[in-house]
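Undergrad: Model the following, please.
(chains A, B, C and D)
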There are 2 protein chains.
Amino acid sequence: MREIHDPELLQYYLKTFEIKPILNEDLLPYLTLYSYNHGELICTQGDPYNHLYLLVKGKLKIFNTSPEGKTLILSFKTPLDVVGDIEYVQGTDFINTVEAVSEVHMIAIHHRWLNKYASDHTPLLKFLLNVITKKFFVKSSSLSFNLLYPVEVRFASYLLSVCFDERDALYSGKLSTSHLIDAANLIGTSYRHLNRVIQHLSKEGLVERHKGFIEVKNREGLSELANHRNIYEK
Amino acid sequence: MREIHDPELLQYYLKTFEIKPILNEDLLPYLTLYSYNHGELICTQGDPYNHLYLLVKGKLKIFNTSPEGKTLILSFKTPLDVVGDIEYVQGTDFINTVEAVSEVHMIAIHHRWLNKYASDHTPLLKFLLNVITKKFFVKSSSLSFNLLYPVEVRFASYLLSVCFDERDALYSGKLSTSHLIDAANLIGTSYRHLNRVIQHLSKEGLVERHKGFIEVKNREGLSELANHRNIYEK
DNA sequence: AAAGTTTTAGGACATATGTCCTTCCCAATG
DNA sequence: CATTGGGAAGGACATATGTCCTAAAACTTT
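TA: Next up, the predicted model:
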């Protein structure tokens, strides 16, 4: 992690993502731009709350490790998104661990300044309300989906979301096998079982296994299987 | 459902739950008090958004029915709680169905007045932010818990939450069997499987089956099994 | 009280998923 | 070129869970 002293880049981000309107003028001097490399942790579950972060570049992985040591991926995030919003509102420690998946830029605001200058700033409150409500909605759908459907269906939905997203640096319709473990943790199953499911999907002709990646052969069929629900959509 | 024309009762609720501070003065004339009987539906998933509701008396069941017809109970609610908050912020149709479990009183506010008088009312925004953040937190924990642990563990946690809550009209440590189907739907499993798990817990001596109810015999043991997590706590 | 009806528990079997371990492939290295 | 090490896929077996159906119990109605 390193701080980027580049006021122009900061201005560029503020403008591109239309962040200024949601922030109080007084806050602007206290914004810091940080950069993280692939694999670096932005925060770890249990860390005390310090900053509210705005993701403006790159991709994040949000996950949680259970007392038993099992990892559950909660989501991937791309700009513009917010990290630490729940913690800010509740004043609690970080619930999850956040890791940079690519090179990541984040704008950080220390809670001290938020409390001082923006705790009654309507645009920010509305912005947070909007963001958190969306998160709740996604989480809620995700919970239902996970409880109601088996791994095969969830994976179908996952494939559709991930493989046809140009931002993912993946060839369209293909999923690199190195991401399979992540996929398993996101879906909430074991790597072993995911392999079994892929095997089954192969037999059905929906996907094909090549060395290094998995290719979607029948997008429509997968969509059918997933009940047309794109639960992992960003 | 019927409207209660009782300004004094309304005032009583506003005072008891300290609702006035969060509402804009201009809204007060537009509050309506409704009563629902056991079993009545307050709203059904897919209904267009109309009101924001404040639960001030009784108990609600929030559930969702999948396209396949499976019911998943998302939560039970007791005063003070809010219904329709997510829908209000997002401007979407109702996501879930809400049913009165007992006699229920709700204060309803039509979105028309909220938009007109309170869309910039900081106390309300903060209140909603707080409520929704809590909901998110619960939902998030619930998702992890469901994905990581088997039904036995979840049911243990459920028993601890429900059986030792005096508001539940249950003898302490006992769960009426008529609530078993609800329990299964809340935990996200089948009634059949829940029975199997109860059988197993019986053999372990943690609970005992009597006609009409299930009795907790070893609270500490259940808590151990549930990893001391009370995920269904209200 | 007898007959029918509804509710509740559980049997049988199939499927879904987890755990552990082995095998295979490929790349890096001496 | 043979050796080794690591990652990826899959076999074997156990457990978890779902579906469908039956049996037993409780409750209604006549």
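
Undergrad: Counting neighbours, what do you get for A:L28?
TA: Counted with other Cβ atoms under 10 Å in any protein chain shown, the neighbours of A:L28 add up to 16. Yep, even glycine has a C-beta here, placed from its N, CA and C like the rest.

Undergrad: gap between the closest residue to it other than its chain neighbours and A:Y117?
TA: Of all residues beyond its chain neighbours, the one nearest A:L28 is A:K20 (7.7 Å), with distances taken as Cβ to Cβ, 6 or more residues apart in numbering or on different chains. A:K20 sits at a distance of 14 Å from A:Y117 (criterion: Cβ to Cβ, to the nearest Å).

Undergrad: ok, now A:T177?
TA: Computed with Cβ to Cβ, the distance linking A:T177 and A:Y117 is 48 Å.

Undergrad: Need the pLDDT of A:L170.
TA: If you check A:L170, the pLDDT there is 49.

Undergrad: quick one: which of A:K20 and A:Y117 has more around it?
TA: Under the neighbour definition other Cβ under 10 Å, A:K20 and A:Y117 were set side by side, and A:Y117 has more, 19 against 14.

Undergrad: what about the closest residue to that one other than its chain neighbours, neighbour count?
TA: Across the structure, with Cβ to Cβ, 6+ apart as the measure, the residue nearest A:Y117 apart from its sequence neighbours is A:D26 (4.1 Å). A:D26 has 12 neighbouring residues, counting by other Cβ under 10 Å.

Undergrad: same thing with A:L9?
TA: In terms of burial, A:L9 registers 15 neighbours under the definition other Cβ under 10 Å.

Undergrad: doesn't A:L33 make contact with it?
TA: Yes. Contact between A:L9 and A:L33 holds when scored by Cβ atoms under 8 Å: they sit 6.6 Å apart.

Undergrad: and for those two, which residues touch both?
TA: The overlap between the contact sets of A:L9 and A:L33 (Cβ atoms under 8 Å, 6 or more residues apart in numbering or on different chains) consists of A:H105.

Undergrad: hey, where'd the helices end up in chain A?
TA: Per DSSP state H, chain A has helices spanning A:7-16, A:85-90, A:111-113, A:122-148, A:151-163, A:180-187, A:191-203, A:219-225. These are given in chain order.

Undergrad: So which elements touch the second one?
TA: With contacts defined as 3 or more Cβ pairs under 8 Å, 6 or more residues apart in numbering or on different chains; DSSP states H and E, the secondary structure elements packing on helix A:85-90 are helix A:122-148, helix B:122-148.

Undergrad: what bits of chain A have low per-residue confidence?
TA: Scanning chain A for pLDDT under 70 picks out A:165-172, A:234.

Undergrad: got the domain boundaries for it?
TA: As given by automatic domain parsing, the domain ranges for chain A are A:2-123, A:149-225.

Undergrad: ok, the most centrally placed residue in chain A to DNA strand D distance?
TA: The residue lying closest to the centre of chain A (Cα atoms, centre = their mean) is A:F76, at 2.1 Å. Applying Cβ to the nearest atom of the strand, to the nearest Å, the value for A:F76 to DNA strand D is 18 Å.

Undergrad: So which residues on chain A come close to DNA strand C?
TA: Within reach of DNA strand C by Cβ under 7 Å from any atom of the strand, chain A has these residues: A:P150, A:V151, A:E152, A:G188, A:T189, A:S190, A:R192, A:H193, A:R196, A:V197, A:K211.

Undergrad: can you rerun that using 10 Å?
TA: With Cβ under 10 Å from any atom of the strand as the criterion, chain A meets DNA strand C at residues A:68-70, A:146, A:149-155, A:184, A:187-197, A:200, A:211-212.

Undergrad: If you go by neighbour count, which of the residues you listed are buried?
TA: Among these, the ones that count as buried by 16 or more other Cβ atoms under 10 Å in any protein chain shown are A:146, A:149, A:151-155, A:184, A:187-189, A:194, A:197.

Undergrad: Also near chain B: which of those, exactly?
TA: The subset of these lying close to chain B, counting by Cβ under 8 Å from any Cβ of the partner chain, consists of A:N146, A:G188.

Undergrad: from the buried ones among the residues of chain A next to DNA strand C, which two are the most distant?
TA: With distances taken as Cβ to Cβ, the most widely separated pair in those is A:Y149 and A:A184, at 15.7 Å.

Undergrad: Counting neighbours, what do you get for A:M1?
TA: Burial of A:M1 is recorded as 12 neighbouring residues (other Cβ under 10 Å).

Undergrad: looking at chain A, which residue ends up farthest from its center?
TA: Among residues of chain A, the one most distant from the C-alpha centroid is A:K203; the distance is 31.4 Å, by Cα atoms, centre = their mean.

Undergrad: what's the neighbour count on the closest residue to A:S140 other than its chain neighbours?
TA: Excluding the flanking residues, the one nearest A:S140 by Cβ to Cβ, 6+ apart is B:K139, at 5.7 Å. With neighbours defined by other Cβ under 10 Å, the count for B:K139 comes to 20.

Undergrad: Over to the one 5 residues further on?
TA: Burial of B:S144 is recorded as 21 neighbouring residues (other Cβ under 10 Å).

Undergrad: quick one, what contacts the spatially closest residue to it that is not a sequence neighbour?
TA: Distance criterion Cβ to Cβ, 6+ apart; nearest residue to B:S144, sequence neighbours excluded, is A:L72 at 5.5 Å. For A:L72, the set of contacting residues under the criterion of Cβ under 8 Å, 6+ apart consists of A:F63, A:N64, A:T65, A:S66, A:N185, A:L186, A:G188, B:S144, B:L147, B:L148.

Undergrad: For these, pick the one with the most neighbours.
TA: In these, the most neighbours by other Cβ under 10 Å go to A:L186, 23 neighbours.

Undergrad: quick one: that residue and DNA strand D, what's the gap?
TA: As defined by Cβ to the nearest atom of the strand, A:L186 lies at a distance of 16 Å from DNA strand D.

Undergrad: Look up how far DNA strand C lies from the nearest residue to that residue once chain neighbours are set aside.
TA: The spatially closest residue to A:L186, leaving aside those adjacent along the chain, is A:I73, at 3.9 Å (Cβ to Cβ, 6+ apart). As defined by Cβ to the nearest atom of the strand, A:I73 lies at a distance of 13 Å from DNA strand C.

Undergrad: likewise A:Y30?
TA: When A:Y30 is compared with DNA strand C (using Cβ to the nearest atom of the strand), they lie 44 Å apart.

Undergrad: Let me know how buried the nearest residue to A:G91 once chain neighbours are set aside is, in neighbour terms.
TA: Among residues not flanking A:G91 along the chain, A:Y49 sits closest, at 6.7 Å (Cβ to Cβ, 6+ apart). The local packing count at A:Y49 equals 17, with neighbours defined by other Cβ under 10 Å.

Undergrad: What's the local residue count around the closest residue to A:L128 other than its chain neighbours?
TA: Once flanking residues are discounted, A:L128 sits nearest to A:D85: 5.6 Å by Cβ to Cβ, 6+ apart. For A:D85, the tally of surrounding residues (other Cβ under 10 Å) stands at 21.
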